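Colleague: give me a model of this one.
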Amino acid sequence: MNWWKAIEPYIFILFPVVVVIAAVATLRHGKRARQTWQTLAQTYGLNYTPPGKAELLSKKAAIAFQDPGEINGVLEGLAFRLYIAIYGTSKDRRVFTIMSLEIPNLPHGLTLYHENAFLGFTKMIGAQDVKIGDEEFDKAFMIKGENADQVRAWLSDERRQALLREIGDEPDVDIREGCLRFEVRGVCDNREVLDKALAQMRAMIPYLKG
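Modeller: You can find the predicted model right below:
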């Protein structure tokens, strides 16, 4: 174990340095995220709320130095929100950036997800799924709802074409909890990513109203 004796002094010296570097990176990320969200809100005429003081034992304490705050407002007549959601605790904690646009008069329980390997498997073992009868659309999305007839009526040909065109190739965008919803892992401070998601939502607004 001579090698350990040789490097041991350096480990105790380098460890605090690594911690400080990580802390500085976290602070810079948080500052960048807040600046990005604030300018995003200003660009689109939305309301930006800076992060408040996180309670020591709250979920927000886990991202206290990265918390970008929240954006709320009305985007072309529909309620808009950009926020951070934290699920789980300790080692299972997961942080997501969520952008949502409320959809009026949506059939109760309607959810629309992008098809993937896991969802395809759940179809095979009997997960409830509403078939629209449009081969391209049914292949691209998993659709669920409490009333299949209402779901099919809402997903008109015009809406289906718009959904395929605007979010057909965007696995981070779906419809659930009454909203058109963009969700990405972590605290997103990338203006280009947020602008793209917001642009897709704006493009969908004419097809979501009414």
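
Colleague: which stretches of this structure form strands?
Modeller: Taking DSSP state E as the criterion, the chain contains strands spanning 47-49, 70-75, 78-87, 94-102, 111-114, 141-144, 173-176, 179-185.

Colleague: got those strands as a markdown table, with mean pLDDT, distance to Leu155 and mean neighbour count columns?
Modeller: For every residue, glycine as well, the C-beta is placed using N, CA and C. Formatted as a markdown table, the strands of the chain follow (pLDDT from 0 to 100; distance: least, Cβ to Cβ, whole Å; neighbours: other Cβ atoms under 10 Å):
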| stretch | mean pLDDT | distance to Leu155 | mean neighbour count |
| --- | --- | --- | --- |
| strand 47-49 | 96 | 32 | 14 |
| strand 70-75 | 96 | 22 | 16 |
| strand 78-87 | 93 | 18 | 17 |
| strand 94-102 | 94 | 17 | 19 |
| strand 111-114 | 90 | 8 | 18 |
| strand 141-144 | 90 | 7 | 22 |
| strand 173-176 | 93 | 10 | 20 |
| strand 179-185 | 95 | 13 | 20 |
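
Colleague: give me the most central residue, the chain.
Modeller: Glu183 (1.4 Å; Cα atoms, centre = their mean).

Colleague: from Val173, how far off is it?
Modeller: Glu183 sits at a distance of 8 Å from Val173 (criterion: Cβ to Cβ, to the nearest Å).

Colleague: Ser156 too?
Modeller: Here Ser156 is placed at a distance of 19 Å from Val173 (Cβ to Cβ).

Colleague: show me where pLDDT drops low in the chain?
Modeller: Where the chain drops to pLDDT under 70, the residues are 1-30, 53-65, 90, 115-128, 210.

Colleague: that older thread, my guess is the residue nearest to the centre of the chain contacts Thr97, does it?
Modeller: Yes. Look at Glu183 against Thr97 with Cβ atoms under 8 Å: they come within range, at 7.2 Å.

Colleague: quickly list what the closest residue to Gln42 other than its chain neighbours is bridged to.
Modeller: Leaving out its chain neighbours, the residue that sits closest to Gln42 by Cβ to Cβ, 6 or more residues apart in numbering is Tyr48, at 7.3 Å. Per DSSP bridges, the residues bridged to Tyr48 are Ile71.
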